[in-house]
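Engineer: From the sequence below, what's the structure:
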Amino acid sequence: MGGLWVGVGWFGLARRRVADNTVVFAVRRDWPDWRTHEFVAPRLTLAEAERAAQAEHAYWRRGPARPTVSVVRISANDLRIHRNRRDCKAPDCAVGASDRAPRPS
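Structural biologist: Modelled structure (predicted):
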């Protein structure tokens, strides 16, 4: 069965397999020393992804290597393909927006 697992399996949050064309939210870590980035913690909603980004920031803030953390909107297929890339420096990867668009009513 194809697809990407989204969510976490601990503490009551359910993991779910989503199709490759599903849009998910992920945390992007930008490493300043190496000028590379990676995507972690895929979530189905923006609120869950923002909580994951806060947890990532809290985890890395005391260490010697401190990545810049942002939330990006990316397709499950792009995220799955990107996981196999190490030290990605491609400029066409998803980036976080500085200001969010208003939510539709």
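
Engineer: Is it correct that residue 68 is in contact with residue 30?
Structural biologist: Yes - counting by CB atoms under 8 Å, residue 30 is a contact partner of residue 68 at 4.3 Å. Every residue, glycine included, has its C-beta placed from N, CA and C.

Engineer: Show me the helices in this protein, by range?
Structural biologist: 46-60, 76-82 (DSSP state H).

Engineer: Just name the most buried of the ones you listed.
Structural biologist: helix 76-82 (a mean of 18; mean count of other CB atoms under 10 Å).

Engineer: Which stretches in this protein count as strands?
Structural biologist: 4-6, 16-18, 23-31, 36-43, 68-75 (DSSP state E).

Engineer: Next, format the helices of the chain as a markdown table and append mean pLDDT and distance to residue 91.
Structural biologist: Putting the helices of the chain into a markdown table (pLDDT from 0 to 100; distance: least, CB to CB, whole Å) gives the following:
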| stretch | mean pLDDT | distance to residue 91 |
| --- | --- | --- |
| helix 46-60 | 92 | 22 |
| helix 76-82 | 85 | 14 |
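
Engineer: Turn these into CSV, including distance to residue 92.
Structural biologist: Formatted as CSV, these follow (distance: least, CB to CB, whole Å):
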stretch, distance to residue 92
helix 46-60, 21
helix 76-82, 10
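
Engineer: Tell me which of those sits nearest to residue 38.
Structural biologist: helix 76-82 (7.7 Å; CB to CB).

Engineer: for that closest one, packing partners?
Structural biologist: Helices and strands touching helix 76-82, as assessed by 3 or more CB pairs under 8 Å, 6 or more residues apart in numbering; DSSP states H and E, comprise strand 4-6, strand 23-31, strand 36-43.

Engineer: which residues of the protein score low on pLDDT?
Structural biologist: Along the chain, segments meeting pLDDT under 70 span 1-15, 97-105.

Engineer: Repeat the analysis, applying 80 as the threshold.
Structural biologist: For the chain, applying pLDDT under 80 flags the ranges 1-21, 83-86, 90-92, 94, 96-105.
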